[in-house]
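[1] Quick one: sequence plus predicted model below, questions after.
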Amino acid sequence: TAEEPSTLYFEEFLKHGYNAWPDSYQNRFPDLKTWSGVRGLKKSLCQLAGAPDDSRGLLASRSLSLVQLASRCMFQRCRNVLTTDLSWPNYQDAVSRQALASGGQITTLALRDAIFHKKWTADDVASFLARAYVENHCDGLFLPAVDHLGIRVPIGTIVERIRQASQLQFVLVDAAQAFCHVPIDDCLAVADFVVAGCHKWMRAGQPMGIGLYGKHSTQRLMN
């Protein structure tokens with residue numbers, strides 16, 4: 001783009017990939033043949049995340065935009081969403097603002113001190129959150145898969161424990177710290193929506209947000 005004027009050919013290349021170019025451009029820029037367009041990028045990211053073959057993804061310039069989108073959908077279904085002090089502050093603020101705008105609420109539990117100083121195990125965390133979820137009459141859940149200090153949260157176990165005791169209307173998972181560092185297939189298996197991004201990657205270019213649907217019903221809701 002620095003050497004060539006931006007033309008309609010470039011727009012077609014960006015949207016639809018290398019094969020959308022005429023032969024003259026393909027011959028001039030053979031090193032760009034691996035680019036398969038925005039749709040191809042979404043498909044590759046879904047595969048990288050370990051999502052099912054029929055999964056669809058969303059892209060945004062910032063992962064925060066996707067958290068805001070998912071929060072709006074979450075509070076269409078939920079009255080009280082359980083969160084913890086492990087959430088990234090900007091994401092937590094976005095969920096809190098949406099709760100206020102929607103007439104809902106969030107219940108935020110302190111976990112970090114218990115994990116670091118009381119040596120709570122993954123089972124301790126899952127049991128505590130499941131019990132608090134029921135006691136506070138929650139119907140939604142927002143958790144990080146890995147928090148910004150490196151605590152890995154047992155998402156699958158927590159969701160399973162909660163569903164054994166109560167109704168869970170929406171699960172939103174922040175996988176920004178987890179994507180391509182640890183597997184997130186367990187998150188995709190139980191969540192309605194998973195937010196990730198490339199801003200933790202060297203030479204990623206920009207902090208692009210990635211959204212992955214866990215359930216087809218959520219995809220219809222968010223569309």
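    The structure has been received and is ready for your questions. Residues are numbered from 1 along each chain as shown.

[2] can you tell me how far V81 sits from T107?
    When C-beta to C-beta, to the nearest Å is the yardstick, V81 and T107 sit 7 Å from each other. Using the backbone N, CA and C atoms, a C-beta is placed for each residue, glycine as well.

[3] wait, I meant G211
    Distance of G211 to T107, given as C-beta to C-beta: 24 Å.

[4] Please say which of those two ends up with more neighbours.
    Just comparing G211 and T107: by other C-beta atoms under 10 Å the higher neighbour count belongs to G211, 23 against 16.

[5] Run through the bridge partners of that one.
    For G211, the beta-bridge partners under DSSP bridges are L58, V195.

[6] what residues are up against it?
    If a contact means C-beta atoms under 8 Å, 6 or more residues apart in numbering, then G211 has 57-60, 66, 69-70, 193-196 as its contacts.

[7] repeat that with 7 Å
    Under the criterion of C-beta atoms under 7 Å, 6 or more residues apart in numbering, the neighbours of G211 are 57-58, 66, 193, 195.

[8] Please render these as a markdown table that adds neighbour count to the earlier fields.
    Putting the contacts of G211 into a markdown table (neighbours: other C-beta atoms under 10 Å) gives the following:
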| residue | neighbour count |
| --- | --- |
| G57 | 20 |
| L58 | 20 |
| L66 | 27 |
| F193 | 27 |
| V195 | 27 |
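
[9] from the residues you listed, which is closest to M74?
    Proximity of these to M74 (C-beta to C-beta) peaks at F193, which lies at 8.0 Å.

[10] With L32 as the reference, measure out to the residue of the chain most remote from its centre.
    Most distant residue from the mean C-alpha position of the chain: S24, 39.7 Å away (C-alpha atoms, centre = their mean). The spacing between S24 and L32, counted by C-beta to C-beta, is 14 Å.

[11] how about the strands of the chain, start to end?
    The residue ranges that make up the strands of the chain, judged by DSSP state E, are 57-60, 80-84, 105-109, 140-144, 170-174, 193-197, 209-213.

[12] Now render the ones you listed as TSV, adding mean pLDDT and distance to L8.
    Putting the strands of the chain into TSV (pLDDT from 0 to 100; distance: least, C-beta to C-beta, whole Å) gives the following:
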stretch	mean pLDDT	distance to L8
strand 57-60	90	22
strand 80-84	98	45
strand 105-109	97	47
strand 140-144	98	42
strand 170-174	97	38
strand 193-197	93	30
strand 209-213	91	27
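
[13] Columns distance to Q92 on top of these, output as a markdown table?
    As requested, those are exported to a markdown table (distance: least, C-beta to C-beta, whole Å):
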| stretch | distance to Q92 |
| --- | --- |
| strand 57-60 | 18 |
| strand 80-84 | 6 |
| strand 105-109 | 8 |
| strand 140-144 | 8 |
| strand 170-174 | 9 |
| strand 193-197 | 13 |
| strand 209-213 | 16 |
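
[14] Relative to R152, which of these is closest?
    Evaluated over the strands of the chain, closeness to R152 peaks at strand 140-144, with 9.1 Å, by C-beta to C-beta.

[15] Give me the residues contacting the closest one.
    Contacts made with strand 140-144 from outside it, assessed by C-beta under 7 Å, 6+ apart, are listed as 74, 77-78, 81-84, 86-88, 95, 153, 155, 158, 162, 168-174, 177.

[16] same check, this time on stretch 94-106
    Everything outside stretch 94-106 that qualifies as a contact, by C-beta under 7 Å, 6+ apart, is 64, 67-68, 71-72, 75, 78-81, 83, 142.

[17] now with 6 Å?
    67-68, 71-72, 75, 79-81, 83, 142 (C-beta atoms under 6 Å, 6 or more residues apart in numbering).
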